[in-house]
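Enquirer: Next one to model:
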Amino acid sequence: MADTTNADIKKLTFETAIAELETIVKRLEEGKVPLEESVAIYERGEVLKKRCEELLKQAEARVEKITLDASGKPTGTSPLDVE
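Expert: Down below sits the predicted model:
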């Protein structure tokens, strides 16, 4: 698992965040993690999950911004308004 703080999660790519989240899930499913550590990594997993959801929503919005011509062929994109 990466040695980043929750604040650094905002800088992670989708692929990095999902990989770390998968690692956390595996560790928790194994049931070999002490209680305190389980709680800590579960909390980190929640933050990672939110990051992944945020990145997926942004990607979805970008796809929706692709403009089409009358025949349905892509003609370009329009700017994405990111909050």
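Enquirer: Give the other helices and strands that the helix or strand that residue 29 is a member of contacts.
Expert: Secondary-structure assignment from DSSP states H and E places residue 29 in helix 14-30. Contacts defined by 3 or more Cβ pairs under 8 Å, 6 or more residues apart in numbering; DSSP states H and E place helix 14-30 against helix 35-64. (Each C-beta comes from the backbone N, C-alpha and C, glycine too.)
Enquirer: quick check: angle from the helix it packs on to helix 14-30?
Expert: Orientation of helix 35-64 against helix 14-30 (axes from the mean of the first three to the mean of the last three Cα atoms, to 10 degrees) gives an angle of 150 degrees.
Enquirer: Tell me the pLDDT of the most centrally placed residue in the chain.
Expert: For the chain, residue 52 is the residue whose C-alpha lies nearest the centre (Cα atoms, centre = their mean; 1.3 Å). Here the pLDDT value assigned to residue 52 is 97.
Enquirer: List the residues that contact it.
Expert: Counting by Cβ atoms under 8 Å, 6 or more residues apart in numbering, residue 52 touches 14, 17, 18, 21.
Enquirer: out of those, who has the most neighbours?
Expert: In terms of neighbours by other Cβ atoms under 10 Å, the contacts of residue 52 top out with residue 17 at 24 neighbours.
Enquirer: Surely that one touches residue 55?
Expert: Yes - between residue 17 and residue 55 there is a contact under Cβ atoms under 8 Å: 7.3 Å.
Enquirer: quick one: contacts for residue 55?
Expert: Shown in contact with residue 55 (Cβ under 8 Å, 6+ apart): 13, 14, 17.
Enquirer: what about residue 28, distance to residue 35?
Expert: Distance, residue 28 to residue 35, using Cβ to Cβ, to the nearest Å: 11 Å.
Enquirer: Just want to know which of these two has more residues nearby.
Expert: A count of neighbours by other Cβ under 10 Å puts residue 28 above the other of residue 28 and residue 35, at 15 against 7.
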